[in-house]
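Student: I would like the atomic coordinates for the input below:
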Amino acid sequence: MVDFRTARRAMVDGQVRTNDVTNLGLIAAMLDIPREAFVPESRAELAYLDRDVPIADATAKEPARWLVKPVVLARLIQAAAPGPQDRVLVVGAGSGYAAAVLSRLAASVVALEQNEVLVAKARSILPAVGIGNITVVEGPLVAGAPSAGPYDLILIDGGVETVPESLFGQMSARGHLVAVVAAGPVGKATLFQTVNHETGGRVLFDATAPVLPGFAKAPAFVF
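Tutor: Next comes the predicted model:
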């Protein structure tokens, strides 16, 4: 039987700290939040591996969904530098793990998910692990959650090939957005900000993450 507390410590010490993650609040959150609770029970022993973990199988309506590997999530959050007064939107929140981590660093979190099974799971798990400053919202990921915005930070919890303007429009005046942008075999973790009404991105580090539904580029027409 897996000792999850020991596995959690090994994940932080062996994957997170060794990749220049030094934010003490973030490290404390990852040490405390039971990542295994956010994956199916049959896959709980995979929760702390250095890999993306499947949390929902593909159906006729939805592609398979994944929990992003710990180091990618940790480095994205550290680069985003959420503050204690910030309002955060997590797009593609899945079962709620990334939202749970961010809830320890920000004032409030809106967790947006369109997979109804994952929505139900997040609404069950988050109170069970003692987290109360997260609102789970069900709806299309690409639409965001404008009624609860604007947001100081938007985290897209998975890979994207393109970021829709609808999400950029939900950032506050000082807000920013972080995502893993798929670009061939190796994607780029990217931070987007709007300055003087122009939105631009800055590459943070190489990373990969499964592309979320709705965030693939439309096929180009070739003559």
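
Student: quick one, helices of this protein?
Tutor: 4-11, 24-32, 70-80, 97-103, 116-128, 165-168 (DSSP state H).

Student: for the shortest one, the distance to its chain's centre please.
Tutor: The reference is to helix 165-168. 17 Å (C-alpha atoms, centre = their mean, to the nearest Å).

Student: Then the fifth one?
Tutor: Mean C-alpha position of helix 116-128 versus that of the full chain (C-alpha atoms, centre = their mean) differs by 15 Å.

Student: Quick check: buried residues in that helix?
Tutor: Residues of helix 116-128 classed as buried by neighbour count (16 or more other C-beta atoms under 10 Å): Leu118, Val119, Lys121, Ala122, Arg123, Ile125, Leu126. Every residue, glycine included, has its C-beta placed from N, CA and C.

Student: The shortest one now?
Tutor: Buried residues in helix 165-168, defined by neighbour count with 16+ other C-beta under 10 Å: Leu167, Phe168.

Student: most centrally placed residue in this structure?
Tutor: Asp157 (2.6 Å; C-alpha atoms, centre = their mean).

Student: who's in contact with Ile134?
Tutor: Contacts for Ile134 (C-beta atoms under 8 Å, 6 or more residues apart in numbering) come out as Gly96, Ala99, Ala100, Ser103, Ser108, Val109, Val110, Ala111, Leu126.

Student: ok, for it, nearest residue in space, not its chain neighbours?
Tutor: The shortest distance from Ile134 to any non-neighbouring residue, by C-beta to C-beta, 6 or more residues apart in numbering, is to Val109 (4.6 Å).

Student: what's the spacing between the one you found and Tyr151?
Tutor: According to C-beta to C-beta, to the nearest Å, Val109 stands 9 Å off from Tyr151.

Student: Overlap in contacts, these two.
Tutor: Between them, Val109 and Tyr151 share these contacting residues under C-beta under 8 Å, 6+ apart: Arg87, Val88, Leu89.

Student: Pull the contacting residues for the nearest residue to Ala80 once chain neighbours are set aside.
Tutor: The shortest distance from Ala80 to any non-neighbouring residue, by C-beta to C-beta, 6+ apart, is to Val178 (4.7 Å). By C-beta under 8 Å, 6+ apart, Val178 lies in contact with 76-77, 79-80, 153-156, 189-192, 204.
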